[in-house]
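*Asks:* show me the folded form of this:
(chains A and B)
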Amino acid sequence: MKKVIASVAALTGAALVLAGCSSGGDGAASSSDASGSASGPVTLEFWHGYTEADGKVLDQIVADFNASQSDITINDTTKTWADIGDQLLTALSAKQGPDLVALPAENLPIYASKGAFAPLDDWYSSSEAAASLNQNAVSMEKINGSYAGVPWGFVPLSVIYNKALFDQAGITEFPTTWDEWVATAKKLTIDQNGDGTPEQYGLVLPDHATVGNGVWASLFYEGGGEIVDKDGNAVVNSAANVKTLTYWADAVMKDKISPTGVDGVGADKLFTAGTVAMEVGGPWMASVAEGANIDYGLAQIPAGPAGPASSAIGISVAVTNQADDAKKAAAEKFFDYFYSQEVATKWSLGSGWPPLRTDIPASAVSSNPVVAALTPMAGTARPLLPGIANSVDVLAAVDEATQKALAGGDPTSLLDAANSAVSDALAP
Amino acid sequence: MSATAQTRRTYRAPGQLGGRPRGRGGPRPARLALAFLLPALLILAAFVFWPVISALRLSFTDSSGFGAEHFVGLANYVEIFTTPRILRTLGVTTMYAAMFTPLTIAAALALALLLNRRTLWGRGFFRTAFFLPFIISMAVAAFAWEFLLDPQIGLLNYWLQSIGIHLGNVLQDPNLALPTVVLVAVWKSFGFYMVIFIAGLQDIPGELYEAATIDGANAWQRFTNVTLPQLSTTLAFVAIFALIAAFQAFDQIYVLTGGGPYRSTQTVVMEIYQEGFKKLDIGLASALSYVLLVITLVLSLIQFRFFNRREEAIAG
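*Replies:* Numbers count the residues shown, from 1 in each chain, chains lettered A, B, ... in the order given. Below you'll find the model as predicted:
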C-alpha cells in the first residue's frame, strides 16, 4: 500500500512539475510580443474560413494591405469554419490563437460573453468608415452594450430556383407571396409513378439545421413573429409563429411540396441533383449550381403576411484578447483599409456578398450578377439572434419544434415547449 | 557456528542466464525498472494524469478555457443532476450501451466460433475482412455509412428498394437514429473483439471437447458447458471494454446525426463536446466528464465482481 501511495505521490509531483513548466499564467500577450510590437513592425495572425474564390480575394486584400505600409504585417491562415469552431477555444486557452479571427456572427456572442475578444467601441466611435456600414450588419456585433467585432459579411437568405424546371412547368413569374409560392411549388411537384412519393419537389424546406440556421427565422419574421424580442425575451410561441408553422407544416404534409427530414446540407444536395426546383440558400449556391450545370435564378423569399424579410448570414471579425494594445491598434488600421470604398467594393465583388457599406452604388457591383441580385434584398435582412450568448440551445429548441411539426406534431404545443426551452437558454 | 550455517551465509544465487551479474557497482533492479518506466510515466503524467487532475479542478469552476475563472463549488454537479436536458443524455447513453454491448459481444462471439473452425475454407481471408473495419477511423467509417444510408442517393436504400423495402431517412427518424448509430459502431468494432474471442477459443484444450463428446454432449451443450466457462475471462474483458467504449460513443454520432433528431442520439460525450466547445462551459463539461467516469467505473466494477463470482462458481 505504501508503494502505491508513493507511486501516486511521485506521479502527482511529476505532473505538477510539468504543469509548472507549461503554464504561462493568465496575462495577456507575452513580454516578447509586447516589446516586439513597441520596437518594430506589428505582426497579426488572422484566421478566416473563406476557402473558395472568396478566400483568394481576401488573401489578395491582405497582401495589398501589407504592401501598402511597413508597420503592420498580417499573416492570414485559411481554415474551414468548422475547424475554426473546433480550434479557437484550445488555441486561445494555450495562448497560441490568432489576433484576428473571422467566425459566424451567431458564435460571436458566445466567445465575447466569456471575454475572448477585445472591445472595439473606440474604433466604432472614431472611424469614418464605421458610420457608413449597414447598421443591420453592425447590430450583430453588439454584445452587452459593447462592440465585440466588425461585420465581414452580411447576406440575406434568398431563394435559388432552377430555371429549366420553371420553363418545363410553364412558370414565367417568380412568386411574391407565400400563397403564390406554395401554388408554384405544387405545380413543380411531380409524382410520375403515382406512388405517393414525388420524384420532383417544387421546394425543399429543411426542418432543422437550415442554412445559416435562418430559414425558419426568416419565415417567422415574414409571419410577423420572431424568436427572441428586442428585450431578450423568448417569444417563439407567439400567435404569429403558430400560424406560420401551421401554414408551412400543412404545405409540406398535406400538399407534399417538399421532402421531409431534410437539413440544410441535404437541401443543397437535392437542389444540385436537380430533384427540387427551389431552395432557400446562401450566395454560394450560385457557384454550386453553376458547377452542376443548373441554369439558376435568385429571388427574394416571397413575402409573408407581415411583408418580406429574411434572416441574414453574418460573418464577424474580432480582435482576440491575445492581442495587446499595439496589435489592437494595428487591427483597427486594417479595418479602416478593409472598409475603404475601393476595398469594400472589391471584397463584395470577389466574395459574392452585398457591400457592407451602404454608400457603394448598385452600379459599382453590377458586374457580379449574384451581388447585383442580393444587394437590393440586404435592406430587409435581419441578423440572427444578435447578442444572444446561448444561441446553441435557442436554435436547438427551434429546430426540435420545426422538425416535429413537419413530421405531424401540433405546432401550438411544440412552440410552447420551444418557448420554455428558449427561456431557459436565455436565463442568466 | 556450524559449517552448514557458514555455507548458507556465503551462498549466492547464480546469475540469470544471459543476464548481467549482480555486482556492487551495478544499478539496483528497482532503479533499473524505474529508469525504463520513467519515459512512459512522464508521458502518462503529462497527457493523462495532469489533464485528469486539471479536469477535476475545472469541474468546480466556471472556466471557459480562457480568461478569468471562479470557484463555483458543486454548482456544475448540481446543474447536471437537475437539468432534464442533460439527464436525458445519460438515458440515451444507457440505451446506447444496452444495445451496443450485447450486440457486439454476440456478433464477435458468433463469428469467432465460426472462424475458429479449422475446416472452414478461406478462414484467414474472412478473419482479415471482418477485422478490417476496426482499423478504419470511426469518422471515416461514419462518412461512408452516411453515403450508404442517404435516402436519396444511398446505395443501401437503392438495394433495399429493389427488393421492396423502403428504408427511408433512418438518421432523421427519432426511433431509428439511435439503433442505426449503434449498428455502425457494432460493424466498426466487432472485428476487434472477434480476434480476442478467437485467441480465447484457441486456448481451450481440445481434450475437454473430446471428453464432452464422449459423454454424449451435443454442440449446444459443448458450447454452454465447455466453451462459455472456459471463455469467461475473455468474455469479462470483452464485456468491460465494450461497455466502456459504449459510454464513450461520439465519433459516428457527431458525423451521422450531430446528436439529433430531437437530441435522440445526444450521448453524454456529445453533450460534453457541446458544453465545452460550442458553449464554452468548460467547467460544466469537466464535471460531466467526471460523472461519466464514475458511472463507467461503477459499471466496470459491477461487471468485474459478476464475472469473478461466476469464475469462482465454475472453479468451485
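*Asks:* which residues of chain B lie near chain A?
*Replies:* B:41-42, B:44-46, B:49-50, B:53-54, B:64-68, B:85, B:151-153, B:169, B:172-173, B:258, B:260-263, B:274, B:276-280 (C-beta under 8 Å from any C-beta of the partner chain). C-beta: built from backbone N, CA, C; applies to glycine.
*Asks:* what subset of these is buried?
*Replies:* Buried by 16 or more other C-beta atoms under 10 Å in any protein chain shown: B:41, B:45-46, B:49-50, B:53, B:64-66, B:151, B:169, B:172-173, B:258, B:260-263, B:274, B:276-280, out of the residues of chain B next to chain A.
*Asks:* residue 75: neighbour count?
*Replies:* Reading this off chain A. If you count neighbours by other C-beta atoms under 10 Å in any protein chain shown, residue A:75 ends up with 14.
*Asks:* let's do chain B instead
*Replies:* Residues lying near residue B:75 (other C-beta under 10 Å) number 15.
*Asks:* please name the nearest non-neighbouring residue to residue A:373.
*Replies:* Nearest residue to residue A:373 in three dimensions, chain neighbours excluded: residue A:298, at 4.3 Å (C-beta to C-beta, 6 or more residues apart in numbering or on different chains).
*Asks:* thought residue A:158 was touching that neighbour, still the case?
*Replies:* Yes: taking contact to mean C-beta atoms under 8 Å, the distance of 5.3 Å between residue A:298 and residue A:158 places them in contact.
*Asks:* show me the common contact partners of the two, please.
*Replies:* A:373, A:374 (C-beta atoms under 8 Å, 6 or more residues apart in numbering or on different chains).
*Asks:* of these two, who's got more company?
*Replies:* Remark: of residue A:298 and residue A:158, residue A:158 carries more neighbours, 25 against 20, as counted by other C-beta under 10 Å.
*Asks:* could you list everything the more buried one pairs with in the sheet?
*Replies:* In this structure, residue A:158 bridges to residue A:281 when assessed by DSSP bridges.
*Asks:* separation between it and chain B?
*Replies:* From residue A:158 over to chain B the distance is 24 Å, taken as C-beta to the nearest C-beta, to the nearest Å.
*Asks:* mind checking pLDDT for that residue?
*Replies:* Looking at residue A:158, its pLDDT is 94.
*Asks:* got a list of what it touches?
*Replies:* The neighbours of residue A:158, taking C-beta under 8 Å, 6+ apart as the test, are A:280, A:281, A:283, A:298, A:299, A:300, A:301, A:310, A:373, A:374, A:377.
*Asks:* can you list the residues of chain A near chain B?
*Replies:* Counting by C-beta under 8 Å from any C-beta, chain A sits next to chain B at A:11-12, A:14-15, A:18-19, A:26, A:85-86, A:89-90, A:92-93, A:110-111, A:114-116, A:208-209, A:260-263, A:266, A:269-270, A:273, A:275, A:321, A:390, A:392-393, A:396, A:399-400, A:403-404, A:421.
*Asks:* hey, where'd the helices end up in the stretch 201-350 of chain A?
*Replies:* For the stretch 201-350 of chain A, the helices defined by DSSP state H, counting those that start in this stretch cover A:215-222, A:239-253, A:264-272, A:284-291, A:325-338, A:341-351.
*Asks:* distance from the chain centre to the second one, please.
*Replies:* For helix A:239-253, the distance between its averaged C-alpha position and the chain's averaged C-alpha position is 25 Å (C-alpha atoms, centre = their mean, to the nearest Å).
*Asks:* same for it, what does it pack against?
*Replies:* Contact here means 3 or more C-beta pairs under 8 Å, 6 or more residues apart in numbering or on different chains; DSSP states H and E; on that basis helix A:239-253 packs against helix A:178-188, helix A:215-222, helix A:391-405, helix A:411-426.
*Asks:* residue A:109 reaches residue A:148, doesn't it?
*Replies:* Yes: shown here, residue A:109 and residue A:148 form a contact pair, counting by C-beta under 8 Å, at 7.5 Å.
*Asks:* OK, contacts around residue B:287?
*Replies:* When the contact criterion is C-beta under 8 Å, 6+ apart, the partners of residue B:287 are B:59, B:60, B:76, B:77, B:79, B:80.
*Asks:* can you list these in JSON lines and add secondary structure, neighbour count and pLDDT?
*Replies:* Rendered in JSON lines, the data for the contacts of residue B:287 read as follows (DSSP: H, G, I helix; E, B strand; the rest coil; neighbours: other C-beta atoms under 10 Å in any protein chain shown; pLDDT from 0 to 100):
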{"residue": "B:59", "secondary structure": "coil", "neighbour count": "23", "pLDDT": "95"}
{"residue": "B:60", "secondary structure": "coil", "neighbour count": "20", "pLDDT": "96"}
{"residue": "B:76", "secondary structure": "helix", "neighbour count": "25", "pLDDT": "95"}
{"residue": "B:77", "secondary structure": "helix", "neighbour count": "17", "pLDDT": "96"}
{"residue": "B:79", "secondary structure": "helix", "neighbour count": "17", "pLDDT": "94"}
{"residue": "B:80", "secondary structure": "helix", "neighbour count": "22", "pLDDT": "95"}
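*Asks:* between the residues you listed, which is closest to chain A?
*Replies:* Distance from chain A was checked for each of the contacts of residue B:287 by C-beta to the nearest C-beta. The minimum falls on residue B:79, at 11.5 Å.
*Asks:* excluding chain neighbours, what is closest to that closest one?
*Replies:* Of all residues beyond its chain neighbours, the one nearest residue B:79 is residue B:284 (6.3 Å), with distances taken as C-beta to C-beta, 6+ apart.
*Asks:* the buried ones among the residues of chain B next to chain A in helices, which ones?
*Replies:* Applying DSSP state H to those, the entries found in helices are B:41, B:50, B:53.
*Asks:* for residue A:57, state which of these is nearest.
*Replies:* Set against residue A:57, the nearest of those by C-beta to C-beta is residue B:50 (44.0 Å).
*Asks:* alpha carbons of stretch B:152-162, as CSV, please.
*Replies:* Extracted as CSV, the C-alpha positions of stretch B:152-162 are listed here (Å, rounded to 0.1, in the frame of the first residue of the first chain):
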residue,chain,number,x,y,z
GLN,B,152,-31.9,10.0,-52.0
ILE,B,153,-28.5,8.7,-53.3
GLY,B,154,-27.6,6.0,-50.8
LEU,B,155,-26.7,2.5,-52.1
LEU,B,156,-28.3,0.8,-49.2
ASN,B,157,-31.7,2.4,-49.9
TYR,B,158,-31.3,1.6,-53.5
TRP,B,159,-30.5,-2.1,-53.0
LEU,B,160,-33.3,-2.5,-50.4
GLN,B,161,-35.8,-0.7,-52.7
SER,B,162,-35.1,-3.3,-55.4
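*Asks:* how far out from the middle of the chain is that stretch?
*Replies:* Relative to the chain's own centre, stretch B:152-162 is displaced by 32 Å; criterion: C-alpha atoms, centre = their mean.
*Asks:* what residues sit buried inside it?
*Replies:* Of the residues in stretch B:152-162, B:154, B:156, B:157 count as buried by neighbour count, 16+ other C-beta under 10 Å.
*Asks:* give the full set of residues in contact with the residue positioned nearest the centre of chain B.
*Replies:* Here the mean C-alpha position of chain B is nearest to the C-alpha of residue B:241 (C-alpha atoms, centre = their mean), at a distance of 3.1 Å. Residues in contact with residue B:241, defined by C-beta under 8 Å, 6+ apart, are residue B:193.
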